[in-house]
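Student: let me see the structure of the following:
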Amino acid sequence: MNQWPLIIRDLNVWTEGRQRLDHVNLQAECCRVLSIIGPMGSGKSTLVRCNRLYDEVPGSRIEGIIEINGKNIYDPNFDLFQLRRDVAMTFAEPRPFKHMSIFENVAIGLRLQGMRAGAVIGERVEEALALVGLWDFVRKKLHKSTESLRPGQQQLLCIARSLALKPEILLLDEPTSMVGLQDSAIIEQLIRELSQKLTIVLTTNSRKQAARISDRTAFLLDGELIEVGKTSELFMNPKDSRTEDYLTGRFG
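Tutor: Okay, here's the model as predicted:
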């Protein structure tokens, strides 16, 4: 198993005429949680989205290397289907497909990958829903709309959709920013449990959340990676004064 399944080298990103990321170098360790913190507009979301090519929008420009298990995803010969298999992502706002049932929301990724065996799909859906703690709640209404789920449950459903693909890396862009405290605690506990088998990279605006659930933390400011290290060391003994100022609430 690769110790560093995600490696970012000298990454620069421009969108809408502005540089969003400036020579970022970062690694995510296997089966660990890496939190990316920083004030709004610091480039956190841009950084995680680049790992799934989500920022390929008109007018954007990307330079640098992002390696997934040693292969550069920006290499023209890179297998994009492999990227979709190996790296899954969820966003801050829960995005269930409202025109689909709960079951199909989880199964859709499997179908898009070409899976046709109904029994296998059913097993993968049940497994994913059980992993996020939703199975007992939804097992009798799998073919009903997602509208019966509260926002936190919808976010868990979106995570289940990602887990059904059995990815190696899970990207979570502010996964608890739009859910209540109870659901936030549930998602945090889930992240810790999943990190025993997955590499997890998450962005968060909550310093306390990063301190609670991450093994390593990276601090971004105005698109620049200021500092990265073990979470306990970064919070207790930051090497850069800007990191200390942010962690102590002097800005951001």
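Student: quick one: neighbours of the closest residue to residue 7 other than its chain neighbours, just the number.
Tutor: Of all residues not flanking residue 7 in the chain, residue 67 sits nearest, at 4.3 Å (C-beta to C-beta, 6 or more residues apart in numbering). For the C-beta atoms, the positions are set from N, CA and C on the backbone; glycine is no exception. Counted with other C-beta atoms under 10 Å, the neighbours of residue 67 add up to 18.
Student: what residues are up against residue 67?
Tutor: 6, 7, 8, 9, 73 (C-beta atoms under 8 Å, 6 or more residues apart in numbering).
Student: same thing with residue 235?
Tutor: The neighbours of residue 235, taking C-beta under 8 Å, 6+ apart as the test, are 207, 211, 217, 247.
Student: what about the chain, any weak spots by pLDDT?
Tutor: Scanning the chain for pLDDT under 70 picks out 1, 53-58.
Student: and the contacts of residue 235, which of them are buried?
Tutor: Buried members of those, scored by 16 or more other C-beta atoms under 10 Å, are 207, 211, 217, 247.
Student: and the closest residue to residue 171 other than its chain neighbours, backbone torsions?
Tutor: The shortest distance from residue 171 to any non-neighbouring residue, by C-beta to C-beta, 6+ apart, is to residue 89 (4.1 Å). Per-residue torsions, residue 89: phi -150, psi 140 (degrees, to the nearest 10).
Student: was I right to think residue 89 contacts residue 49?
Tutor: Yes. Using C-beta atoms under 8 Å, residue 89 is in contact with residue 49, at 7.5 Å.
Student: list residues touching both of the two?
Tutor: In contact with both residue 89 and residue 49: 171, 173, using C-beta under 8 Å, 6+ apart.
Student: and residue 36, what are its bridge partners?
Tutor: residue 203, residue 218 (DSSP bridges).
Student: contact partners for it?
Tutor: With C-beta under 8 Å, 6+ apart, residue 36 has these contacts: 44, 47, 48, 201, 202, 203, 204, 217, 218, 220.
Student: same thing with residue 14?
Tutor: 20, 60, 61, 62.
Student: any idea which of those is the one closest to residue 178?
Tutor: residue 20 (22.3 Å; C-beta to C-beta).
Student: roughly how far apart are the closest residue to residue 78 other than its chain neighbours and residue 132?
Tutor: Of all residues not flanking residue 78 in the chain, residue 71 sits nearest, at 6.0 Å (C-beta to C-beta, 6+ apart). Plainly put, residue 71 is 29 Å away from residue 132 if you go by C-beta to C-beta, to the nearest Å.
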